[in-house]
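A.B. asks: Pasting the sequence and the predicted coordinates here, then a few questions.
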Amino acid sequence: MQIHFIAIGGSAMHNLALALEHKGYIITGSDDVIFEPSKSRLQEKGLLPEAFGWFPDKVHQGLDAVILGMHAKPDNPELLKAQELGLTIYSYPEFLYEQSKHKTRVVIGGSHGKTTITSMILHVLNYHDIEVDFMVGAQLEGFDRMVHLTEENDFIVLEGDEYLSSPIDRRPKFHLYKPNIALLSGIAWDHINVFPTFENYVEQFQIFVDGIVKGGSITYNEEDDEVKKVVEASENPIRKLPYRTPEFSVENGETLLETPDGLMPIEVFGKHNLSNLAGAKWICQNMGVDEEDFYEAIATFKGASKRLEKIAEGTTSIAYKDFAHSPSKVAATTRAVKEQYPDRKLIACLELHTYSSFNPEFLKEYKGALDSADEAIVFYLPESVAIKKLDPVSPEQIREAFGRSDLQIFTDASSFHNRIFSSEFDNTTLLLMSSGNYGGLSLQEVKQKIED
């Protein structure tokens, strides 16, 4: 098979390219810009384009298929050439379905928790040497790639993202997977540039549940009211399997999970992560892993990359970074860290970075999200708002939206960095939350500051 990738440099796209190269396919690709780590990983396998840009000559009749990434535009010259030649053009999720249509598809969906739950499942299966195909949205310890595809494996585990499939296919990715076994972790309005109303957003999850293969199953978080409503209202003839947060306790900064064999220390923490663990357990049991084997494996799970990732620890201080940026994730992560270290001061820093977070209506969703922090800081760059062609957002609007009069707001990177490095971290937890890079903050310098 000879496959060409339009926009090969994306996190998901380059991992799929690497997976297909590993499978023995002939891969070519183009992109107008490629950042690390994608660049080095593609280069190592000889897949990095010789020059950046779009080259219609790369698209020819000898190709078996073209895979179109979200980063490309509908008028991309390579896409236009592929359409002109009548080549088969797949979006990323369409191609994954094509590769897995004869397998049992396990799809993990939800506004939050899906990467962690998928990672937990893969960790448990890997621990017990159970081979499966997979696609997950984070780099996992013990795995070479975020995508793995074979001819022989019976199962494929897919992280089910609700964002759009491609520039020419406006369906959410997880609508295309047709799961046999599905999970739904939570519903909290996100991606407002695509789903302008909450009702429109919820509808995408209704379509997901209704798309589960007849006779399949949905494991769902019954503590989330929206999830419960969506699943219980579905008339799809599937098994509906609710889960809830298991009992746990925190002692001296260590989380202890209640199991049939007594209390078990685990590496992850926070109510939302314990809920994720419960969902992962039921999915693993549906895949043939018994409860005792699940607990044995999950005890060694340290978390997915960028999800409550410990970046430094000193004698009386500790620092975490987290991908959290949507209101529900920010609230859950901040609360979890405070509950884990209740006797330490919590400095929580959030970078507003996404299209949604600069929308005045959506900003209101952040009310109370940082309330668990002793000191709350928001950092954003006004030029990021301008680049997204949005109306300016003032510090006063942000302070009012979060509902904290003592909220500290920084609008330039150097001032924010100075605030971090001038802090005293004795008996303190530092939490950095963003899907960006905190204005180029050096995490190595943060590590040195915490550990000194």
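C.D. replies: Alright, I've got the coordinates. Numbers count the residues shown, from 1 in each chain.
A.B. asks: Let me see the contact set for the most centrally placed residue in the chain.
C.D. replies: A centroid search over the chain (CA atoms, centre = their mean) returns residue 115, at 4.7 Å, as the residue closest to the centre. Neighbouring residues of residue 115 by CB atoms under 8 Å, 6 or more residues apart in numbering: 136-138, 159, 304, 307, 323. (Glycine included, C-beta is placed from N, CA and C.)
A.B. asks: Please apply the same query to residue 253.
C.D. replies: 340-341.
A.B. asks: Go again with 10 Å.
C.D. replies: Shown in contact with residue 253 (CB atoms under 10 Å, 6 or more residues apart in numbering): 269, 318, 340-344, 429.
A.B. asks: Out of those, which end up buried?
C.D. replies: 269, 318, 340-341, 344, 429 (16 or more other CB atoms under 10 Å).
A.B. asks: Please name whichever of those residues scores lowest on pLDDT.
C.D. replies: Lowest pLDDT of these: residue 269, 91.
A.B. asks: Tell me if I'm right that residue 257 and residue 247 touch.
C.D. replies: Yes - at 7.9 Å, residue 257 counts as touching residue 247 under the criterion of CB atoms under 10 Å.
A.B. asks: still on that earlier bit, is it possible to get a markdown table of the contacts of residue 253 that adds secondary structure and distance to residue 392?
C.D. replies: As requested, those are exported to a markdown table (DSSP: H, G, I helix; E, B strand; the rest coil; distance: CB to CB, whole Å):
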| residue | secondary structure | distance to residue 392 |
| --- | --- | --- |
| 269 | coil | 38 |
| 318 | strand | 36 |
| 340 | helix | 37 |
| 341 | coil | 37 |
| 342 | coil | 38 |
| 343 | coil | 40 |
| 344 | coil | 36 |
| 429 | strand | 33 |
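A.B. asks: Mind putting the residues you listed into TSV with distance to residue 32?
C.D. replies: Shown next, in TSV, are the contacts of residue 253 (distance: CB to CB, whole Å):
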residue	distance to residue 32
269	41
318	40
340	43
341	44
342	48
343	50
344	45
429	40
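A.B. asks: Need the max-distance pair from the residues you listed.
C.D. replies: The largest distance within those, taken as CB to CB, falls between 269 and 343 and amounts to 15.0 Å.
A.B. asks: and the residue nearest to the centre of the chain, that one's in a helix?
C.D. replies: Yes - counting by DSSP: H, G, I helix; E, B strand; the rest coil, residue 115 is located in a helix.
A.B. asks: which ones are touching residue 152?
C.D. replies: 103, 131, 133.
A.B. asks: Who are the packing partners of the helix or strand bottoming out on mean pLDDT in the chain?
C.D. replies: Using mean pLDDT, DSSP states H and E, the weakest-scoring helix or strand in the chain turns out to be helix 382-387, at a mean of 84. Of the remaining helices and strands, none touches helix 382-387 by 3 or more CB pairs under 10 Å, 6 or more residues apart in numbering; DSSP states H and E.
A.B. asks: Residue 222 - nearest residue in space that isn't next to it in sequence?
C.D. replies: residue 242 (3.8 Å; CB to CB, 6 or more residues apart in numbering).
A.B. asks: Show me what that neighbour is bridged to.
C.D. replies: Residues in a beta bridge with residue 242, per DSSP bridges, are residue 220.
A.B. asks: where does it land on pLDDT?
C.D. replies: pLDDT, residue 242: 98.
A.B. asks: quick one: it and residue 223 touch, right?
C.D. replies: Yes - Residue 242 lies in contact with residue 223 (CB under 10 Å); the separation is 8.9 Å.
A.B. asks: Next, show the common contact partners of those two.
C.D. replies: With CB under 10 Å, 6+ apart as the test, residue 242 and residue 223 both reach residue 278.
A.B. asks: Among the contacts of residue 152, which one lies nearest to residue 13?
C.D. replies: residue 133 (17.3 Å).
A.B. asks: nearest residue to the closest one other than its sequence neighbours?
C.D. replies: Nearest non-adjacent residue to residue 133 (CB to CB, 6+ apart): residue 156, at 3.9 Å.
A.B. asks: which element is that neighbour on?
C.D. replies: strand 155-160 (DSSP states H and E).
A.B. asks: ok, the very next helix or strand once past that strand: who's next to it in the sheet?
C.D. replies: Later in the chain than strand 155-160, the nearest helix or strand by DSSP H and E is strand 164-166. Applying DSSP bridges, strand 164-166 is found paired with strand 169-172 (antiparallel).
A.B. asks: Need the residues that contact the strand it pairs with.
C.D. replies: Under CB under 10 Å, 6+ apart, the answer for strand 169-172 is 68, 70, 89-94, 109, 160-165, 175-176, 191, 194-195, 201, 204-205, 207-208.
A.B. asks: avg pLDDT for it?
C.D. replies: Rounded mean pLDDT across strand 169-172 is 95.
A.B. asks: Next, the contact list for the residue nearest to residue 114 when sequence neighbours are not counted, please.
C.D. replies: Among residues not flanking residue 114 along the chain, residue 108 sits closest, at 4.8 Å (CB to CB, 6+ apart). Neighbouring residues of residue 108 by CB under 10 Å, 6+ apart: 114-121, 136-137, 157-161, 174, 179, 181-185, 219, 276, 279-280, 283.
A.B. asks: OK, contacts around the spatially closest residue to residue 232 that is not a sequence neighbour?
C.D. replies: Nearest residue to residue 232 in three dimensions, chain neighbours excluded: residue 240, at 7.1 Å (CB to CB, 6+ apart). Taking CB under 10 Å, 6+ apart, we find residue 240 in contact with 209, 217-220, 222, 228, 231-232, 234.
A.B. asks: If any of those are buried, put those into a ChimeraX selection.
C.D. replies: Buried subset of these, written as a ChimeraX selection, criterion 16+ other CB under 10 Å:
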select :209,217,218,219,220,228,231,234
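A.B. asks: Out of the contacts of residue 240, name the ones that lie in helices.
C.D. replies: 209, 228, 231-232 (DSSP state H).
A.B. asks: Only whichever of the contacts of residue 152 are buried, select them in ChimeraX.
C.D. replies: The following ChimeraX line selects those of those that are buried, judged by 16+ other CB under 10 Å:
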select :103,133
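A.B. asks: Dump the contacts of residue 152 into CSV; add pLDDT, secondary structure and distance to residue 17 as well.
C.D. replies: As requested, the contacts of residue 152 are exported to CSV (pLDDT from 0 to 100; DSSP: H, G, I helix; E, B strand; the rest coil; distance: CB to CB, whole Å):
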residue, pLDDT, secondary structure, distance to residue 17
103, 98, coil, 20
131, 97, coil, 21
133, 98, strand, 16
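A.B. asks: what's the helix or strand for the residue found closest to residue 247 once you drop the neighbours it is linked to in the chain?
C.D. replies: Distance criterion CB to CB, 6+ apart; nearest residue to residue 247, sequence neighbours excluded, is residue 258 at 4.1 Å. Using DSSP H and E, residue 258 falls within strand 254-259.
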